[in-house]
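# Provided below for reference: sequence and predicted model.
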Amino acid sequence: MFIVQALPIFITICLIVSILSLTPILNVLSQIFTPILSLLGISSELSPGILFSMIRKDGMLLFNLHQGALLQGMTATQLLLLVFFSSTFTACSVTMTMLLKHLGGQSALKLIGKQMVTSLSLVIGVGIIVKIVMLII
């Protein structure tokens, strides 16, 4: 079933992303996450990993660029929030495409939107709590 339904979508998405990677579009899009990362005290250089995790969950491997130099400078809390946000902000693009196909546009977009809002709210909430606790300590 995967080969018939998801594989063509997966291949199409990979081709589109490969073509887009030749342009600055993906870097520009990834900067959307800079304010969230700033709130958490995380380098904006990690924002492409969040964007690519929306395309494919293994896109989080981009966080390990430069032998993980950026990750090594992060606290355990920052790392946890980064991985949590990247893995929960959206499902991968193949899953979102299948939701659109099976639920229809409006229902799928509502579901995807709720997931994004929930993930973002939790990450921002925990980020603020951590900042307050760090000020008290």
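Here it is on my side, so go on. Computed from a predicted structure; not experimentally measured.
# my read: Gly127 touches Phe84, true?
No. Checked against Cβ atoms under 8 Å, the pair Gly127 and Phe84 is beyond contact range at 10.7 Å. Just so you know, the C-beta spots here come from the backbone N, C-alpha and C atoms, and that holds for glycine as well.
# Which one's more surrounded, those two?
Gly127 (21 against 14; other Cβ atoms under 10 Å).
# which residues sit in contact with the residue nearest the centre of the chain?
Taking Cα atoms, centre = their mean, the centroid of the chain lies closest to Ile50, which sits 3.1 Å from it. Residues near Ile50 by Cβ atoms under 8 Å, 6 or more residues apart in numbering: 30, 33, 82, 85-86, 89.
# Mind giving me the packing neighbours of the host helix or strand of Thr95?
Using DSSP states H and E, Thr95 sits within helix 93-103. With contacts taken as 3 or more Cβ pairs under 8 Å, 6 or more residues apart in numbering; DSSP states H and E, helix 93-103 sits against helix 2-20, helix 105-136.
# Export the first one to CSV, keeping only CA atoms.
It refers to helix 2-20. This file holds the C-alpha atoms of helix 2-20, laid out as CSV (Å, rounded to 0.1, in the frame of the first residue of the first chain):
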residue,chain,number,x,y,z
PHE,A,2,2.9,2.4,0.9
ILE,A,3,4.5,1.8,-2.5
VAL,A,4,1.3,2.6,-4.4
GLN,A,5,0.0,5.6,-2.3
ALA,A,6,2.9,7.3,-0.5
LEU,A,7,6.0,6.5,-2.6
PRO,A,8,4.9,8.6,-5.6
ILE,A,9,4.2,11.6,-3.2
PHE,A,10,7.5,11.0,-1.4
ILE,A,11,9.5,11.0,-4.7
THR,A,12,7.6,14.1,-5.9
ILE,A,13,8.3,16.0,-2.7
CYS,A,14,12.0,14.9,-2.8
LEU,A,15,12.4,16.2,-6.4
ILE,A,16,10.7,19.5,-5.5
VAL,A,17,12.9,20.0,-2.5
SER,A,18,16.0,19.1,-4.5
ILE,A,19,15.2,21.7,-7.0
LEU,A,20,14.3,24.3,-4.4
